[in-house]
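Chemist: Return atomic coordinates for the entry below.
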Amino acid sequence: MLMASEPGTMTRSHALALWAAARERAVDELAIKAARLLDDGQTDEAAGLRAAARLLRLRAIQERAQAAACWADALWACAPCRTSLQ
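Modeler: Model (predicted):
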């Protein structure tokens, strides 16, 4: 689990992960709505929602990757200097 750097604050990686999770929930909702529209024969509207869901999914993937990179950078910055061990 990602931890805040200070009480009451949030790390960039945690914020990005939260945004990605919100986008993923929106993707799920759009998929459900698109399926309903498709069942009702509204293919154009369903296609529009599926396209929006694809864009949101792509952005969520990008944000997850950014969160992982930020988290890795933070871990590296907190690691003791390897040269001091020699």
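Chemist: May I ask you to name the longest helix in the protein?
Modeler: helix 43-78 (DSSP state H).
Chemist: tell me which strands and helices that helix is in contact with?
Modeler: Using 3 or more CB pairs under 8 Å, 6 or more residues apart in numbering; DSSP states H and E, the elements in contact with helix 43-78 are helix 12-39. C-beta coordinates here come from the backbone N, C-alpha and C atoms, glycine included.
Chemist: Distance of the residue nearest the centre of the chain relative to Ala51?
Modeler: Taking CA atoms, centre = their mean, the centroid of the chain lies closest to Ala20, which sits 1.9 Å from it. Distance of Ala20 to Ala51, given as CB to CB, to the nearest Å: 19 Å.
Chemist: sorry, back to before: ok now the longest helix of the chain, how far from the chain's centre?
Modeler: Centroid displacement of helix 43-78 relative to its chain, using CA atoms, centre = their mean, to the nearest Å, is 4 Å.
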